[in-house]
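Colleague: Okay, here's the prediction I keep looking at, along with the sequence it came from:
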Amino acid sequence: MASARAVPEVREVADPVVPAGGVVVRVQATGLCRSDWHGWAGHDPDIVFPHVPGHELAGVIEAVGPGVRRWAVGDRVTVPFVCGCGRCQWCAQGDAQVCPDQQQPGFTHNGSFAELVALHAADTNLVAIPEGVDVTAAAALGCRFATAYRGLVGRARVQRDEWVAVIGAGGVGLSAVMIAKALGARVIAVDRNPRALVLARDLGADHTVAADGVDVARAVADLAGGGSHVSVDAVGSEQTAADAILSLRRRGRHVQIGLLPAVEGLPRLPMARVLGWELDILGSHGMAAVDYPGMLALIGSGALSPQRLIERTIGLTEAAAALPTFDRADVAGMTMIDPART
Ligand SMILES: [Zn+2]
Ligand SMILES: [Zn+2]
């Protein structure tokens, strides 16, 4: 991308240099995510143009920098989209997802819509891909799936039989539906796209609500017998965040996963309800590599199947064409990119 909102093009760029403490990975699969669209649209102040997007990736280590202890050339790896510095107090306590010196491939430096990508602080951030998990499914974990997992498990602490309302059934929303069902919760999925709601049903959603022209909060609250225990805004807008919060029952927990970029202004949220009903508002910003084993164990056991969320795999040229309209694309499920494909 030459500049914000410029037509993205596929072309030769210099190979990334392997950083001290980091690695260069040969990308075998990478996801196209709404955050990439935000980056293209100029919503991310970290991005310096010209720029290579891409932050959900998996592949094989091509080169290892000085100081890396745990990794070798040829290892199959994936990585959270937030890479911690590996040196600060937050990284030391296992919270690399909020590291103040974080690196994000595809935002703070060139990303994975490429054959090669540099990753920093490899010993803190890399995750080995277990046998039996294919590289495309592993790439799908890095942002949307892991964020949904941490949002529901680590932040909202969803309990069996609780109601979970998921506003937005795109990649992160459908991940949340699958994960909430695996946790034994009852799920209501909300979206404007009927195809997305069909997928949500296939993944086990107990109810779906078509968001067009209805009072979403009221519809969800009625289905959940007076309000949901947990709500997720998987879109990121003033409207969807408010709908999610207002669909909760008293003492409910809201998880904000969809991005609310500063350029769109501060969202107005129903804080009187938050106060009066003692609602919890929780942010979720990816998941540190140290928290991956629990999620990978559920994938290994078959309880979670991220590969079911993948709708299609495309090449870089097609991805470049898709990126500018991705915010309004008629997609149901995840779009993955194979950089080896032209
Ligand atoms: Zn750190
Ligand atoms: Zn993403």
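Modeller: Thanks, I have it. Numbering: from 1, shown residues only. Ligands and ions are numbered 1, 2, ... in the order given.
Colleague: Excluding sequence neighbours, find me the nearest residue to residue 160.
Modeller: Nearest residue to residue 160 in three dimensions, chain neighbours excluded: residue 184, at 3.5 Å (CB to CB, 6 or more residues apart in numbering). From N, CA and C alone the C-beta is placed, and that goes for glycine too.
Colleague: Could you measure from the one you found over to ligand 2?
Modeller: In this view, residue 184 and ligand 2 are 27 Å apart by CB to the ion, to the nearest Å.
Colleague: give me the number of residues near that residue?
Modeller: 11 (other CB atoms under 10 Å).
Colleague: wait, it sits on residue 161?
Modeller: Yes - Residue 184 lies in contact with residue 161 (CB atoms under 8 Å); the separation is 6.4 Å.
Colleague: Quick check on residue 74: phi, psi?
Modeller: Backbone geometry at residue 74, expressed as degrees, to the nearest 10, gives phi 100, psi -10.
Colleague: what does residue 78 give?
Modeller: phi -130, psi -180.
Colleague: and it, how many neighbours?
Modeller: Around residue 78 there are 29 residues (other CB under 10 Å).
Colleague: Which pLDDT value goes with it?
Modeller: On pLDDT, residue 78 comes in at 98.
Colleague: can you check the one 10 residues further on too?
Modeller: Confidence per residue is given as pLDDT, and for residue 88 that number is 98.
Colleague: Might you report the residue contacts of it?
Modeller: 99-101 (CB atoms under 8 Å, 6 or more residues apart in numbering).
Colleague: Quick check: the gap between residue 248 and ligand 2.
Modeller: From residue 248 over to ligand 2 the distance is 26 Å, taken as CB to the ion.
Colleague: Would you enumerate the residues in contact with that residue?
Modeller: Residue 248 neighbours (CB under 8 Å, 6+ apart): 165, 227-231, 254, 277, 279.
Colleague: go on, residue 260?
Modeller: Contacts for residue 260 (CB under 8 Å, 6+ apart) come out as 236-238, 241, 267.
Colleague: any idea which of the residues you listed has the most stuff around it?
Modeller: Within the contacts of residue 260, most neighbours by other CB under 10 Å means residue 241, with 23 neighbours.
Colleague: Please report phi then psi for that one.
Modeller: The phi/psi pair for residue 241 (degrees, to the nearest 10) is phi -60, psi -40.
Colleague: Who are the contact partners of it?
Modeller: 233, 254, 256, 258, 260, 267, 269.
Colleague: Buried only: go through these for me.
Modeller: Neighbour-count burial (16 or more other CB atoms under 10 Å) applied to these gives 233, 254, 256, 258, 260, 269.
Colleague: contacting residues for the last one?
Modeller: The one in question is residue 269. Residues in contact with residue 269 (CB under 8 Å, 6+ apart) are 238, 241-242, 245, 281.
Colleague: Need the three-state assignment for it.
Modeller: coil (DSSP: H, G, I helix; E, B strand; the rest coil).
Colleague: any idea how far it lies from residue 140?
Modeller: Going from residue 269 to residue 140 by CB to CB, to the nearest Å gives 30 Å.
Colleague: cool, and the fifth one?
Modeller: When distances are taken as CB to CB, residue 260 and residue 140 turn out to be 23 Å apart.
Colleague: for the chain, what spans make up the helices?
Modeller: Per DSSP state H, the chain carries helices over the ranges 34-40, 89-92, 122-125, 135-140, 146-149, 171-182, 194-202, 216-223, 238-246, 271-276, 292-301, 316-322.
Colleague: What is the fifth one packed up against?
Modeller: Taking 3 or more CB pairs under 8 Å, 6 or more residues apart in numbering; DSSP states H and E as contact, the helices and strands that helix 146-149 lies on are helix 171-182, helix 292-301.
Colleague: Tell me which of those is the most buried.
Modeller: Stretch with highest mean neighbour count among the helices and strands packed on helix 146-149: helix 171-182 (a mean of 28; mean count of other CB atoms under 10 Å).
Colleague: what's the distance between it and the middle of its chain?
Modeller: 11 Å (CA atoms, centre = their mean, to the nearest Å).
Colleague: same for ligand 1: which of the contacts of residue 88 are within range?
Modeller: For ligand 1, the contacts drawn from the contacts of residue 88 by CB under 5 Å from the ion are residue 99.
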